[in-house]
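Starting from these lines, generate the structure:
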Amino acid sequence: MSTTDDLGAPTDADHTPDRTIDVTGVQTRRQFLRRLTLLAGVGAAAPWAMELAALAGVSGEAAAAATGDDEYRALVCVFLYGGNDQWNTFVPNDPDGHAAYAAARNGIARSLGEVLPISPRDGFAGAGSFGFAPELARLKGLFDTGDAAVVANVGTLVTPLDKAAYAAGAPRPPQLFSHNDQQSYWQAGAVEGAASGWGGRIADFLLDGNGDHSLFTSISASGNAIMMSGRNALQYQVSSRGVTTLRTDQFAADSIDVGLRDIMAAQRPGLFSSAYADTSRRALQAADDLAAAIDAASASIDVASFFDVDPALENSGPVRNLRGQMETVARLIAAGRDELGLKRQVFFVGLGGFDNHSRLMADHVPLLQALDIGLAGFHRATTALGVADRVTTFTASDFGRSLLSNGDGTDHGWGGHHLVIGGSVRGNRVFGTVPEVADDGPSDVGQGRLLPTISVDQYAATFGRWLGVGESDLTAIAPNIGNFSDRDIGLFDAGSIPEPLPTPVPSTTTTSISPGPPTTAPPTTQHCPYPPEGGG
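Residues are numbered from 1 along each chain as shown. Predicted coordinates:
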């Protein structure tokens, strides 16, 4: 079972896979060495263990293939662990909608006067309107200027569903309302134990275009996330403080640092020892190279200066957490584009604490403040770096929350609203259908849980196309996309979609990513593996 940090975010995803492994050919010696060394890297106690794992899976021999678009692009996922409350983030503000919302959320509803109203360029489709929570003033400003959009009612789906089909037992994702499984289904298209995620499967298409530095294609700043593992691309992990390297300042003498490096890279008899030594040497060199690239890129711009934090929030844990990760990603983007010559990257950032069964107003507010500061500051940094139109940031979460109050908080839901930010985004728009605010309404499958109208597969496929994944290859990243008529939800202008990237040559060992058997009856699981303050 996953462990969690003090904000409810997973810190370890070392679960036993239950996916079927389909060996389609004899492994080459290189494949054997990669997988053998992967085990050695994961088993090590050193802080660079996951960098070893990444190096074991991605060789520095990748060819520098044309990307179809020679300019840099990056996709940044900000995952809100625990299930973000969309009703407290984007608040209904038409008279009828707000009245129904206030009645359903007695004691935890926002007043109409608090809501920051928006006027989307194409209006609202569906029932009523909404505005931003007052803690999101910076992000509301980005929406107004056309640098951000809201995607309404996104969630995990196997196939399009309406309320009648749901009641009749039509296929839907297994283990709805379970944190672990829905986090995995959001990130991978399969329940807990999946072998790869859609961010990593997008990265599979990007590796060759990044040449000798393909190791840095898929990067997580928030621990081990299944979303960032591909079939060939493995995630390179950093922290909110930057790249993990051997810290010479911790030793009394530089010779100790040299000695540790010699021990790690020492050649010994045997296939396992030799492979581990080679990987250790590459890992140390890669960490040094990336750290040097960040230092060089940071010399010309102070990324931290773009994150304006109110003095009263300087000591806020969520603010420090998210700001640190977003600053690191901004530095990695500058280093990747300007120093390493990368063409495409995918990043993962995580923030926990969103499982607000209780203390919603007390605990959700600082999380929204962190989002406002972190995401708006990151967009300002990308603008200063000259890549705002080449970087797209989006939010994701286990699921949304129920409309109905449980007294001091809300319970697990399904569909939820999400933000997408970037210069290429068709901003100042709300994509999708705004659901009716009503207990047992047309979009309510029980307790105010919204039946999604946009699937995660459509969300993923839209981002994949923007990075260069061809129409015919979308099923490789979003396994259920063939069940939906609209593969692209229209977030980007057609002119911003690059020429399709070549399909990656498959590894001799492949992994099934089938979503597993769908449930045939409305599930009731509410597994909460979070600390008491998370409301489990």
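
what about dumping the CA coordinates of stretch 362-381 to CSV?
C-alpha atoms of stretch 362-381 as CSV (Å, rounded to 0.1, in the frame of the first residue of the first chain):
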residue,chain,number,x,y,z
ALA,A,362,-10.2,25.7,6.8
ASP,A,363,-8.1,23.2,4.8
HIS,A,364,-9.1,23.8,1.2
VAL,A,365,-8.4,27.6,1.3
PRO,A,366,-4.6,27.3,1.7
LEU,A,367,-4.5,24.7,-1.0
LEU,A,368,-6.3,27.1,-3.4
GLN,A,369,-3.9,29.8,-2.4
ALA,A,370,-1.0,27.5,-3.3
LEU,A,371,-2.5,26.8,-6.7
ASP,A,372,-3.0,30.5,-7.3
ILE,A,373,0.6,31.5,-6.4
GLY,A,374,2.2,28.4,-7.9
LEU,A,375,0.5,28.2,-11.3
ALA,A,376,0.3,32.0,-11.9
GLY,A,377,4.0,32.4,-10.9
PHE,A,378,5.0,29.5,-13.2
HIS,A,379,3.2,31.1,-16.1
ARG,A,380,5.0,34.4,-15.4
ALA,A,381,8.3,32.5,-15.4
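
And the helices in the stretch 401-536 of the chain?
Remark: helices assigned in the stretch 401-536 of the chain by DSSP state H, counting those that start in this stretch are 456-467, 474-477.

Where do the helices of the stretch 151-300 of the chain begin and end?
With DSSP H, counting those that start in this stretch as the criterion, the stretch 151-300 of the chain has helices spanning 163-167, 179-188, 198-206, 254-265, 271-298.

What residues of the shortest one count as buried?
This points to helix 163-167. Tyr166 (16 or more other CB atoms under 10 Å). Every C-beta, even on glycine, is put in place using the N, C-alpha and C of the backbone.

quick one: low-confidence parts of the stretch 201-350 of the chain?
Flagging of the stretch 201-350 of the chain using pLDDT under 70 yields the residue ranges 244-282.

Let's see that with 80 instead.
244-284 (pLDDT under 80).

Ok, the stretch 401-536 of the chain next?
For the stretch 401-536 of the chain, the stretches with pLDDT under 80 are 505-536.

repeat that for 70
506-536.

What segments of it are strands?
Along the stretch 401-536 of the chain, the stretches classed as strands by DSSP state E, counting those that start in this stretch are 401-405, 410-412, 416-421, 430-431, 433-434, 454-455, 509-511.

between the longest one and helix 456-467, how big is the angle?
Spelled out, it's strand 416-421. On the basis of axes from the mean of the first three to the mean of the last three CA atoms, to 10 degrees, strand 416-421 is oriented at 10 degrees to helix 456-467.

Packing partners of strand 416-421?
Counting contacts by 3 or more CB pairs under 8 Å, 6 or more residues apart in numbering; DSSP states H and E, strand 416-421 is packed against helix 137-144, strand 148-155, helix 360-385, strand 391-397.

Serialize those to a markdown table and add fields for distance to Ser443 and mean neighbour count.
Listed next are the helices and strands packed on strand 416-421 as a markdown table, based on distance: least, CB to CB, whole Å; neighbours: other CB atoms under 10 Å:
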| stretch | distance to Ser443 | mean neighbour count |
| --- | --- | --- |
| helix 137-144 | 23 | 20 |
| strand 148-155 | 7 | 25 |
| helix 360-385 | 21 | 22 |
| strand 391-397 | 18 | 25 |
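
rewinding a little: figure out which of the strands of the stretch 401-536 of the chain is closest to Val238.
Val238 sits nearest to strand 416-421 of all the strands of the stretch 401-536 of the chain, at 21.2 Å, using CB to CB.

Next, the residues that contact the closest one from outside, please.
Strand 416-421 has contacts (CB atoms under 8 Å, 6 or more residues apart in numbering) with 83-84, 86, 89-90, 130, 139, 142, 147-155, 375, 379, 392-397, 399-401, 450, 459, 491.

so how far is that strand off the chain centroid?
12 Å (CA atoms, centre = their mean, to the nearest Å).
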